[in-house]
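1. Build the 3D model from these lines:
(one chain, ligands or ions: 1)
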Amino acid sequence: MLQQKSNLMAGSSRPLPDVQPGDRVQMRKAHPCGGDMWDVYRVGADIGLRCTTCDRQVMLARGAFNKQLKRIVLHQPSLEQGGESS
Ligand SMILES: [Zn+2]
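-> Presented below is the predicted three-dimensional model:
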C-alpha cells in the first residue's frame, strides 16, 4: 500500500528554498522579455524577484517559486548562520 503523506501543512518546519536576498536564480520559465535570470530581493511570505534583463519585479509564493526554480546561479554567503564574529 502506498500512502505517502507529505507534510505540506507542516507550518514553520516546512523547508524553504535555500535562497536569500542577493542571490541570483534561474527559473524554468523565461520572462516574456526573454530573460530567465532573476535577482532575489526579498524573502518572506513570498519570494521577491527582479528580472535581470528588464528589471521588472515580481512576487512569487514560496510554493510557486519552488516549482519554477531551476537552479541557484549565485548564492550569497549566509550572514545569519555561524554568527561567530568577535
Ligand atoms: Zn524580464
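
2. Could you use CA atoms for every contact and neighbour count after this?
-> Will do.

3. quick one: contacts for Trp38?
-> Residues near Trp38 by C-alpha atoms under 8 Å, 6 or more residues apart in numbering: 24-27, 49-52.

4. ranking those residues by neighbours, who comes first?
-> Leu49 (25 neighbours; other C-alpha atoms under 10 Å).

5. Give the helix, strand or coil label for that residue.
-> What DSSP: H, G, I helix; E, B strand; the rest coil gives for Leu49 is strand.

6. That one: what's it in contact with?
-> 38-42, 57-60.

7. Beta-bridge partners for it, please?
-> Counting by DSSP bridges, Leu49 forms beta bridges with Val40, Val58.

8. Quick check, pLDDT for it.
-> Per-residue pLDDT puts Leu49 at 97.

9. How about Trp38?
-> 97.

10. What sits closest to it if chain neighbours are left out?
-> Once flanking residues are discounted, Trp38 sits nearest to Cys51: 4.6 Å by C-alpha to C-alpha, 6 or more residues apart in numbering.
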